[in-house]
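Q: Got a predicted structure here, sequence first:
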Amino acid sequence: MIDLSGRVVLVTGAGGTIGVGVAARFEVAGARVVRHLGLEDGDLRTDARRVLADAVSAHGRLDAVVNSAGVQPVEPLPGMTVETWQSVVDSNLTSAFAVTQAAAQLLPDGGSVTHVASIEGRNPAAGHAHYSAAKAALIMHARSAALEYGPRTRVNTVSPGLIARPGIEEQWPDGVARWHDAAPLHRLGTPEDVGNACVFLASGLAAWITGHDLVVDGGVTARPTW
């Protein structure tokens, strides 16, 4: 098991399904986790510097950041409003931009920033035009940040596939069944699967990895679509 004892990690979106799993896996690895739950902790688009400064003030240091904050509404593109589009882009992309910019000034040499993106950043789904576009931009933001903040700060993305959550099999039985059939590992992912990937990228084992998108999808994107 990777040992992150003594490290301090900020996880945004830590109240969501994936964020909970990410935070839990960092704690198992021995890290002290600072959870940013949502707007009650500050709007990350405008308040990122304070949120990160508070983490450093409380714990004396900050070694890694995981940007897990985001939303995934379903709305057909033809009727989508500019306000809805902007809200999804702000939640999934702009917040990560602001946190990364602030983190780069506080993290030590070798510090790590990881964005939780999505396989929809490469393979869009109907009703998710705003979400898919934001996640695609998030992957490119990480690559750009890796270029400009290297060698001091490493920046990567983790792109999950379909992640289990309470009630999903009842709410979307056909989709879950299709996923099971399509994924070579024949199961949904868990939040902890995503967390394990984030822990790896924040650890010394990934010291020469930056600008990379680590796909965590049970192999589903390996399947031909034709």
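A: Here it is on my side, so go on. On a predicted model such as this, the values are computed, not experimentally measured, just so you know.

Q: Tell me the secondary structure of the closest residue to Gly6 other than its chain neighbours, please.
A: Excluding the flanking residues, the one nearest Gly6 by C-beta to C-beta, 6 or more residues apart in numbering is Gly30, at 7.5 Å. Every residue, glycine included, has its C-beta placed from N, CA and C. Assigned by DSSP: H, G, I helix; E, B strand; the rest coil, the conformation of Gly30 is coil.

Q: Would you confirm that Gly30 contacts Val8?
A: No - with contacts counted by C-beta atoms under 8 Å, Gly30 stays clear of Val8, the gap being 11.1 Å.

Q: which of those two has more neighbours?
A: Legend: neighbour count by other C-beta atoms under 10 Å for Gly30 and Val8, higher for Val8 (20 against 13).

Q: how many other residues sit next to Met140?
A: 15.

Q: what's the spacing between it and Arg122?
A: 11 Å (C-beta to C-beta, to the nearest Å).

Q: Centroid-nearest residue for this protein?
A: Residue closest to the average C-alpha location in the chain (C-alpha atoms, centre = their mean): Val116, at 1.5 Å.

Q: Now that residue: closest residue in space, sequence neighbours ignored.
A: Leaving out its chain neighbours, the residue that sits closest to Val116 by C-beta to C-beta, 6+ apart is Ser68, at 4.5 Å.

Q: Let me see the confidence value for that neighbour.
A: Per-residue confidence for Ser68 comes out at a pLDDT of 96.

Q: how about it, what does it touch?
A: The neighbours of Ser68, taking C-beta atoms under 8 Å, 6 or more residues apart in numbering as the test, are Val11, Thr12, Gly13, Ala14, Gly16, Ile18, Gly19, Val22, Val116.

Q: do the same with Val56
A: Taking C-beta under 8 Å, 6+ apart, one finds Leu62, Leu106 in contact with Val56.

Q: So which bits of the one helix or strand it maps to are buried?
A: Using DSSP states H and E, Val56 maps to helix 44-59. Buried residues in helix 44-59, counted by 16 or more other C-beta atoms under 10 Å: Leu44, Asp47, Ala48, Arg49, Val51, Leu52, Asp54, Ala55, His59.

Q: Turn the residues you listed into a markdown table, including pLDDT.
A: Formatted as a markdown table, these follow (pLDDT from 0 to 100):
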| residue | pLDDT |
| --- | --- |
| Leu44 | 88 |
| Asp47 | 90 |
| Ala48 | 93 |
| Arg49 | 94 |
| Val51 | 94 |
| Leu52 | 95 |
| Asp54 | 94 |
| Ala55 | 95 |
| His59 | 96 |
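
Q: right, and out of those, which lies closest to Gly195?
A: Of all the buried residues of helix 44-59, Ala55 has the smallest distance to Gly195: 18.7 Å, by C-beta to C-beta.

Q: Quickly note the distance from the residue nearest to Val116 to Leu44.
A: Separation of Ser68 from Leu44 (C-beta to C-beta) stands at 11 Å.

Q: so what sits against both of those two?
A: Contact criterion C-beta under 8 Å, 6+ apart; residues shared by Ser68 and Leu44: Thr12.

Q: Packing partners of the helix or strand where Val113 lies?
A: Following DSSP H and E, one finds Val113 within strand 111-116. On a contact count with 3 or more C-beta pairs under 8 Å, 6 or more residues apart in numbering; DSSP states H and E, strand 111-116 meets strand 64-67, helix 95-103, helix 129-149, strand 153-160, helix 191-202.
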